[in-house]
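Undergrad: What would the 3D arrangement of this be:
(one chain, ligands or ions: 1)
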Amino acid sequence: MIDLLVKHAALVDGRDDMSIIVNGDRITDVLPGFDAPAAKTIDANGMLVSPPFVDAHFHMDATLSYGLPRVNQSGTLLEGIALWGELKPQLTFDALVERALAYCDWAVAKGLLAVRTHVDICDERLLAVEALLHVQKRVKPYLDLQLVTFPQDGILRWKDSKGNATAINLLRKALELGAEVVGGIPHFERTMSEGAKSVKLLCEEAAKRGLRVDMHCDETDDPMSRHIETLAYETQRLGLQGRVNGSHLTSMHSMDNYYVSKLIALMREAGVSAVANPLINITIQGRHDTYPKRRGMTRVPELMAAGIDVAFGHDCVMDPWYSLGSGDMLEVAHMGLHVAQMTGQDAMRQCFDAVTKTPAKILGLEGYGVEKDCYADFVLLQARDPIEAIRTRATRLAVVRRGKVIAETAPNTATLMLPNRPGTTDFLLKR
Ligand SMILES: [Zn+2]
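TA: Numbers count the residues shown, from 1 in each chain. This is a model prediction of the structure:
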């Protein structure tokens with residue numbers, strides 16, 4: 001007998017009345033209109049079954065710390081970094097673990113089952129790295145957590161308590177402990193040339209170890225911040241094609257159009273992907289502008305049109321940089337769609353892909369998708385297609401991981417007490 005059968009499902013590619021057959025932890029087939037006895041059957045009732053949401057850019061060491069030790073008054077990136085510096089000495093292993101686990105509970109409830117988190121390594125104790133490696137093991141049965149060694153205060157700029165620039169040693173130690181991706185923050189180094197030097201150093205470190213790279217890159221409104229050019233160059237020089245991601249890339253918003261026309265081709269040639277973080281970029285960038293005020297998000301549709309993989313990340317939830325958020329990647333896609341003005345039908349579907357299959361590719365996830373032989377990981381949404389899912393930030397009716405239901409939410413249905421009107425509404429257009 002089949003272990004789990006999902007009937008009458010719509011899929012992201014537009015097929016409907018599909019049956020998903022699960023045995024053990026894998027999808028063993030996806031067939032139209034199929035029915036058979038199963039140990040457990042879910043009737044999707046025409047609703048969308050999507051592969052799980054994936055967040056390609058997050059900071060789980062800082063999450064849910066909002067207000068500790070104080071809130072960010074200016075709302076700027078730099079005050080956020082300073083505030084995190086104040087909080088760092090007060091962090092404890094247990095508090096880091098507890099906050100991260102609480103966030104993973106939210107994530108699972110929202111069908112977010114894979115997260116790439118940057119972890120600050122500018123700390124002689126490497127406390128956050130140890131805490132998140134512990135969390136990674138704890139959540140493994142239900143959520144894939146990928147750790148990036150992130151030198152928040154600059155791999156070359158940061159000094160330890162004895163005044164030595166030892167961040168590279170800490171980064172190497174974090175990789176040896178089990179972090180899998182090399183991070184960086186070239187725009188925060190002291191000069192442009194130091195930034196470029198940091199990109200070279202970190203890419204060489206990744207190449208030597210056969211690892212992926214994901215840098216906070218040009219998270220500034222300064223159009224002259226061009227570290228993405230160096231990142232693309234080093235990727236190509238070291239043969240890292242397909243393994244390097246530029247996160248944020250907000251300076252591209254303000255760059256000269258002629259220069260961007262060269263840059264996008266360089267990124268494409270190097271196979272560098274991009275992650276925009278719409279909720280954070282729209283609130284943090286443009287803070288020094290009067291009016292008109294820049295949006296600051298990178299050039300998402302133009303990058304996509306050039307064939308570059310672009311994902312949307314959540315980046316922050318209730319931390320020194322951002323006071324809101326709930327682990328809902330549909331909220332992230334919704335904001336990305338608006339900020340990038342991606343309102344065409346295909347463009348809206350691309351925004352859904354930017355929080356599902358594109359970040360899965362960037363993370364290098366194996367067995368991802370609602371297809372034969374993939375892991376039985378998926379989300380039943382209260383929506384019939386990806387556009388409706390974004391519009392309504394659809395309720396996650398059921399979340400399945402490795403063939404088992406791990407979260408459920410009641411449908412979003414309001415009861416109405418109105419004369420000559422239906423008794424309920426679920427916000428879906430009648431079809
Ligand atoms: Zn970030």
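Undergrad: Next up, the contacts around the spatially most central residue of the chain.
TA: In the chain, the C-alpha nearest the mean C-alpha coordinate belongs to Asp55, at 2.3 Å (C-alpha atoms, centre = their mean). Neighbour list for Asp55: 107, 112, 114-116, 313-314, 329, 332, 355, 359 [criterion: C-beta atoms under 8 Å, 6 or more residues apart in numbering]. Just so you know, the C-beta spots here come from the backbone N, C-alpha and C atoms, and that holds for glycine as well.
Undergrad: Repeat the analysis, applying 6 Å as the threshold.
TA: Listed by C-beta atoms under 6 Å, 6 or more residues apart in numbering, the contact partners of Asp55 are 112, 115, 313-314.
Undergrad: How about Arg396?
TA: So Arg396 contacts 110-111, 379, 409 (C-beta under 6 Å, 6+ apart).
Undergrad: Most neighbours of all those residues, which one?
TA: Top of the contacts of Arg396 by neighbour number is Gly111, holding 31 neighbours under the definition other C-beta atoms under 10 Å.
Undergrad: host element of the nearest residue to it once chain neighbours are set aside?
TA: Leaving aside its chain neighbours, Gly111 sits nearest to Val379 (3.5 Å; criterion: C-beta to C-beta, 6 or more residues apart in numbering). Assigned by DSSP states H and E, Val379 belongs to strand 378-381.
Undergrad: which helices and strands does that strand pack with?
TA: If you count contacts as 3 or more C-beta pairs under 6 Å, 6 or more residues apart in numbering; DSSP states H and E, strand 378-381 packs onto strand 48-50, strand 396-401.
Undergrad: Now for Ile20, how many residues are close by?
TA: With other C-beta under 10 Å as criterion, Ile20 counts 26.
Undergrad: Also Tyr233?
TA: A total of 18 residues lie near Tyr233 under the criterion other C-beta under 10 Å.
Undergrad: starting at the chain centroid, how far to the strand holding Val379?
TA: Centroid separation for strand 378-381 versus its chain: 18 Å, with C-alpha atoms, centre = their mean, to the nearest Å.
Undergrad: Rounded mean pLDDT for the helix or strand just after that strand, please.
TA: Toward the C-terminal end, the helix or strand that comes next after strand 378-381 (DSSP H and E) is helix 386-392. In this model, helix 386-392 has an average pLDDT of 98.
Undergrad: Now helix 386-392 - C-alpha only, PDB.
TA: Output in PDB follows, covering the C-alpha atoms of helix 386-392 (Å, rounded to 0.1, in the frame of the first residue of the first chain):
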ATOM      1  CA  PRO A 386       1.700  30.700  -7.500                       C
ATOM      2  CA  ILE A 387       0.200  34.200  -8.200                       C
ATOM      3  CA  GLU A 388      -2.700  33.600  -6.000                       C
ATOM      4  CA  ALA A 389      -0.300  32.300  -3.300                       C
ATOM      5  CA  ILE A 390       1.700  35.500  -3.400                       C
ATOM      6  CA  ARG A 391      -1.500  37.700  -3.500                       C
ATOM      7  CA  THR A 392      -3.000  36.100  -0.400                       C
END
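Undergrad: Which residue is the nearest non-sequential neighbour of Met255?
TA: Pro223 (4.6 Å).
Undergrad: any idea how far that neighbour lies from Thr425?
TA: Pro223 sits 47 Å away from Thr425, going by C-beta to C-beta, to the nearest Å.
Undergrad: repeat for Leu240
TA: 51 Å.
Undergrad: What of Gln285?
TA: Distance from Gln285 to Thr425, by C-beta to C-beta: 38 Å.
Undergrad: And the two? Which one has more around it.
TA: The neighbour count for Gln285 versus Thr425, taken as other C-beta under 10 Å, is higher for Gln285 (25 against 13).
Undergrad: I appreciate the help and will end here.
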